[in-house]
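Participant: Provided below for reference: sequence and predicted model.
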Amino acid sequence: MTERNKKMNQEPEKTRRAFLNKIWGALGLVVLGEIIWLVVSFLRPRKPRAKGDGLGTVITAGSVEAFAPGTVTAFPRGQFYLARLEDGGFLAISRKCTHLGCTVPWVEEDKRFACPCHGSTFDITGNVRHAPAPRALDLFPVTIENNVVKVNTGKRIKRSEFRPSQAAYTK
Ligand code: FES
């Protein structure tokens, strides 16, 4: 092969290599950009929740008469259930299972909370009926002012079991 032919064969090879280098460079920049975006997203502080809107705030549930004795009302924004006991007392019960934290729905037909994850059940006071949950569902403090029921979702109360003193009553 002559020197001239060798040179002609090397030209397309150089061009192809240069093109591939540009592609790899562009892909590297895309990957770098995504990594930077992920790191910035991870480090950026979350927006604070609006006041009165969800967990961590005081939620006005409604007037005492709006809740019949023996009923349970869900407050999804506050992540709790407001249970009105047969004797008129109120409990704000966390919907988070005390076993591994699944959301526990209230099953009206059975009058109990039934965790879908591992089968724990709780009565209307949040007391454990069936394990594996190790203790009663958490509470949030309830206050009744001027016949209006309010729940402080910023203060979680852990408990082993239900005691009558945990319920809030009208004076
Ligand atoms: S998380 Fe509820 S029973 Fe396991």
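Facilitator: It's in. Numbering: from 1, shown residues only.

Participant: tell me the SS of L29?
Facilitator: Under DSSP: H, G, I helix; E, B strand; the rest coil, the three-state class of L29 is helix.

Participant: Show the contacting residues for it.
Facilitator: Counting by CB atoms under 8 Å, 6 or more residues apart in numbering, L29 makes contact with nothing. Where you see a C-beta, it was placed from the backbone N, CA and C, and this is true even at glycine.

Participant: Next secondary structure after the helix or strand harbouring L20?
Facilitator: L20 is part of helix 3-43 when elements are defined by DSSP states H and E. Downstream of helix 3-43, the next assigned helix or strand under DSSP H and E is strand 58-63.

Participant: sorry, back to before: can you give the distance from the helix holding L20 to the centre of its chain?
Facilitator: How far helix 3-43 lies from its chain's middle: 43 Å, per CA atoms, centre = their mean, to the nearest Å.

Participant: Ok, stretch 82-96 next?
Facilitator: Its chain's average C-alpha position is 21 Å from that of stretch 82-96, according to CA atoms, centre = their mean.

Participant: could we number from 691 for the rest of this?
Facilitator: Happy to do that; since the first residue is 691 now, the last one works out to stretch 772-786.

Participant: Check whether that stretch comes near the ligand.
Facilitator: No: using CB under 6 Å from any ligand atom, stretch 772-786 stays clear of the ligand, coming no nearer than 8.8 Å.

Participant: Would you mind listing the buried residues in that stretch?
Facilitator: Within stretch 772-786, the residues scored as buried using 16 or more other CB atoms under 10 Å are 772-775, 779-786.

Participant: Outside of that stretch itself, list whatever touches it.
Facilitator: With CB under 8 Å, 6+ apart as the criterion, stretch 772-786 contacts 751, 757-765, 768-771, 792-795, 803, 814-816, 827-832, 834, 839, 841, 843, 846, 852, 854, 856-860.
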